[in-house]
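> Kindly generate the corresponding structure for this input.
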Amino acid sequence: MLNKLRLNLTLLNTFVLVGILIAISAFLYFTMRLNLANDVDSELSMASEQLSTYINYFDEISDGYPRDAEKDEEYNDLIQKLLNQNITTVVWNEDFDVMRSSIYLQLPNNILNDLIQYNFQTGNIGGEALNYKYGIIDMKIFTNVYVSQSGEMRVVQTIKNMNAEIGFLNWLLRILLIAVFMGMTLSLAGGYIISGRSIIPVKESIKKQQEFVANVSHELRTPIAVVLTNLDVIKTSPEETVRQQWEWLNNAYNETKRMEKVVTDLLFLAKVDAGQINLEREKFNLAYLITDTSEKLMPLAAKKNISIYNSIDDKIMLNADRLKMMQLAIILIDNSIKYSAENSAITISSKEDKGYFILKFKDHGIGIAGKDLEKIYERFYRADKARSRDMGGTGLGLSIAKWIADEHDWHIEITSKPSKGTTASVFIPMEQIYYEEE
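Numbers count the residues shown, from 1 in each chain. Below is the predicted model:
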């Protein structure tokens, strides 16, 4: 499945990139082609205008007037300049006989005459130059009509050899096609590498999902098996009273309660993942909330003769979701009780430092190894799974605590050393803290 996804991503990226390259290449090619065509049209039109200034001089020579050396030199310079630009010129009289022509490009008169007739028929006189191919020569022919001083019509044709321009366009097209091909090749190779990296989070997500499903199955299968085992024992002695079966019933009850906690935590996390849980902020006394939470957990602490000390200033007010704050406190205090040694103490304190109000939960329990600290927020992660399960842990509490902290723009920092205890610090921005007025 992932290989198919990787291939699809690669092909999609390549398709998009090649599409962009083709669009850019087509734009460049046709823009250059249009600009060249417009430039040639302008050259031919300007050449025609320049040539038209000599029409009256040609008529005077035809009528027997003496030649003007200066005019002849100017005309020859113009013709040479046009020849250097690959432009041939032809001047026709009204009987369509050639009066003047340059020698750069020799075209049969009948072809030029046909082109003149075509221009007259289509009304394309002085308009767009016509494209024409003669043998291996591609050319553009511009035709315009002028009236001489004597009132006679003169047709001026300027003709440009387009082989150089077409050669340049063909070269440009080859370069652009090579660029598209190279872009496609690089996109396939690079896209395959990049898509491989991009699906790493997908792989990790699938792996975590598989682990999550396996953990859920394990967490539910074990208590269900315990419940069924104890109930099977009870079924073997139907004549015994509830008191006589109390041990088995109590085991089943404890495992059922444990299942209830797992399911409750899972439902909460499912709602978190679906974005269905919102914060309801309000101002409340933080010290009172911590005290109230501690008192609720005192029966658990009393079983291990653990004392809970709360030194938070009773004037501290917090703007947060009260129920979520209580849930976070329950998780942290409950963890401290579970993993603390008997006859020890849990201290809850606070201080202000660098723009944060820091709420600390410190115990003197078994601690957490350094290699496990990075993973404690992962769902179902427990450093000592067997021991944690015996203590009633599900491995979901700190995941929920971290979500609550993140949603409030807080962060939790856990510091611990094996056999030395653990300190959970909740960093709350000072702008969320208030002091109760007396």
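
> ranges for the strands of the stretch 251-400 of the chain?
281-285, 307-310, 316-321, 345-353, 356-362 (DSSP state E, counting those that start in this stretch).

> now those strands as CSV including mean pLDDT?
Output for those, formatted as CSV (pLDDT from 0 to 100):
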stretch, mean pLDDT
strand 281-285, 93
strand 307-310, 92
strand 316-321, 93
strand 345-353, 93
strand 356-362, 95
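
> how about those strands in a markdown table, adding mean neighbour count and distance to A270?
Any C-beta I mention is one placed from the backbone N, CA and C, and that applies to glycine too. Converted to a markdown table, the strands of the stretch 251-400 of the chain look like this (neighbours: other C-beta atoms under 10 Å; distance: least, C-beta to C-beta, whole Å):
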| stretch | mean neighbour count | distance to A270 |
| --- | --- | --- |
| strand 281-285 | 15 | 23 |
| strand 307-310 | 16 | 32 |
| strand 316-321 | 20 | 19 |
| strand 345-353 | 16 | 30 |
| strand 356-362 | 20 | 27 |
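
> Dump those to JSON lines, plus distance to F427.
Shown next, in JSON lines, are the strands of the stretch 251-400 of the chain (distance: least, C-beta to C-beta, whole Å):
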{"stretch": "strand 281-285", "distance to F427": "18"}
{"stretch": "strand 307-310", "distance to F427": "19"}
{"stretch": "strand 316-321", "distance to F427": "13"}
{"stretch": "strand 345-353", "distance to F427": "9"}
{"stretch": "strand 356-362", "distance to F427": "5"}
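
> who wins for proximity to I193 among those strands?
Proximity to I193 (C-beta to C-beta) singles out strand 356-362 among these, at 42.4 Å.

> gap between the closest one and the chain center?
38 Å (C-alpha atoms, centre = their mean, to the nearest Å).

> One more: stretch 17-27?
For stretch 17-27, the distance to the chain centre is 21 Å (C-alpha atoms, centre = their mean).

> And for stretch 171-181?
29 Å.

> If you count neighbours, what's buried in that stretch?
172, 176, 180 (16 or more other C-beta atoms under 10 Å).

> Restricted to helices, list the residues you listed.
172, 176, 180 (DSSP state H).

> Dump these into JSON lines; add distance to A405 and pLDDT as well.
Formatted as JSON lines, these follow (distance: C-beta to C-beta, whole Å; pLDDT from 0 to 100):
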{"residue": "L172", "distance to A405": "61", "pLDDT": "92"}
{"residue": "L176", "distance to A405": "56", "pLDDT": "91"}
{"residue": "V180", "distance to A405": "52", "pLDDT": "89"}
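
> So which of the strands of the stretch 251-400 of the chain is nearest I404?
Across those, closest to I404 is strand 316-321 (C-beta to C-beta), at 7.9 Å.

> Any stretches of the stretch 301-438 of the chain with poor pLDDT?
Low-confidence segments of the stretch 301-438 of the chain, defined by pLDDT under 70: 382-394, 437-438.

> Could I get the contacting residues of the nearest residue to D314 once chain neighbours are set aside?
Ranked by C-beta to C-beta, 6 or more residues apart in numbering and with sequence neighbours excluded, the top spatial neighbour of D314 is A287, at 4.3 Å. The contact partners of A287, taken as C-beta atoms under 8 Å, 6 or more residues apart in numbering, are 310, 312-316.
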